[in-house]
Structures are given as structure tokens and as C-alpha cells.
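J.: From the sequence below, what's the structure:
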Amino acid sequence: MPLGLLLFASLVLASSDARAQKGSAQLFGSVVNRRTQGAIVGTRIVHVGDGRLVVSDSFGYYRFHDLAAGLVRFRVQAPGYPIATFVVALTNGERMERDIELDSLPDGAAAAAQPLPEV
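T.: Okay, here's the model as predicted:
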């Protein structure tokens with residue numbers, strides 16, 4: 001095998017190992033409508049770092065297992081709601097509950113809302 005190809009293969013394997021790092025932290029909670037507090041079924045929550053995906057169940061409940069310690073970013077997508085993101089700081093072995101509240105504002109309503117004063 002040529003040296004260049006061997007080096008390339010080594011780099012690919014090393015980067016895939018880094019992305020696939022597993023930890024022992026867990027993240028779980030419910031996805032609800034902010035106004036009604038009703039469960040949002042079928043919400044897709046994506047771990048931005050490694051692409052893992054979970055979907056909220058019939059109670060709006062979701063759970064991620066085997067998360068690495070550190071700052072972890074997630075993207076939340078549900079039909080009829082704007083895409084949301086959030087970041088959590090996890091420690092090894094931590095079990096964190098994080099409920100997600102989504103706003104179902106009609107198109108343009110957010111743009112028409114008054115801005116909050118700066119603090």
C-alpha cells in the first residue's frame with residue numbers, strides 16, 4: 001500500500017474514533033409546547049457532534065445514553081415549530097434532566113414582537 005494512502009486511511013480511522021467517543025453521561029426529559037405544556041410527539045433531537053438522533057415518544061419523552069463529558073450541542077426539530085438549539089455541560093457519569101419547551105408562534109409573529117430591554 002502506498003505511504004500516502006496508508007497515511008490517509010490512518011487519519012480517517014483516527015477522526016472516526018474521535019467522533020465515536022462514548023461516555024457515561026445521560027440526558028433525558030420531555031418536549032412540551034411552552035404555552036399549553038402539552039407533550040410534543042415525534043420531536044427530533046440531534047446530537048450535533050456525532051449526528052445521533054432520538055425522537056420523542058407519545059409522552060414527549062426523550063433520552064440520550066453514552067454521552068461524553070463536556071459541552072454538548074443539540075438541535076431540536078418538530079413540525080410546526082421553529083428549529084431550536086441548546087447546549088449542556090455534562091460530567092462523566094452525570095444523569096441530567098433537561099425539559100425542552102418549544103414556541104408554536106405563527107410565521108411573522110416573532111418578528112412583530114417587541115424586543116426585551118437590555119439589562
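J.: Where does the prediction get shaky in this structure?
T.: Across the chain, the ranges flagged by pLDDT under 70 are 1-21, 105-117, 119.
J.: which ones are touching the residue nearest in space to the middle of it?
T.: The centroid of the chain falls nearest to Phe74 when counting by C-alpha atoms, centre = their mean (2.1 Å). Phe74 sits next to Leu27, Ile45, Val46, His47, Val48, Thr85, Phe86, Val87, Val88 when contact means C-beta atoms under 8 Å, 6 or more residues apart in numbering. In short, each C-beta sits where N, CA and C put it, glycine included.
J.: Could you turn the buried ones of those into a ChimeraX selection?
T.: Of these, the buried ones go into a single ChimeraX selection, burial set by 16 or more other C-beta atoms under 10 Å:
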select :27,45,46,47,88
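J.: Return the closest of the contacts of Phe74 with respect to Asn33.
T.: Comparing the contacts of Phe74 against Asn33 with C-beta to C-beta places Ile45 closest, at 15.6 Å.
J.: Report the beta-bridge partners for that closest one.
T.: Judged by DSSP bridges, the bridge partners of Ile45 are Val54, Val76.
J.: Hmm, it is touching Asp57, no?
T.: No. With contact defined as C-beta atoms under 8 Å, Ile45 does not reach Asp57; the gap is 11.7 Å.
J.: which residues do these two both contact?
T.: By C-beta under 8 Å, 6+ apart, no residue touches both Ile45 and Asp57.
J.: Thank you kindly, that will do.
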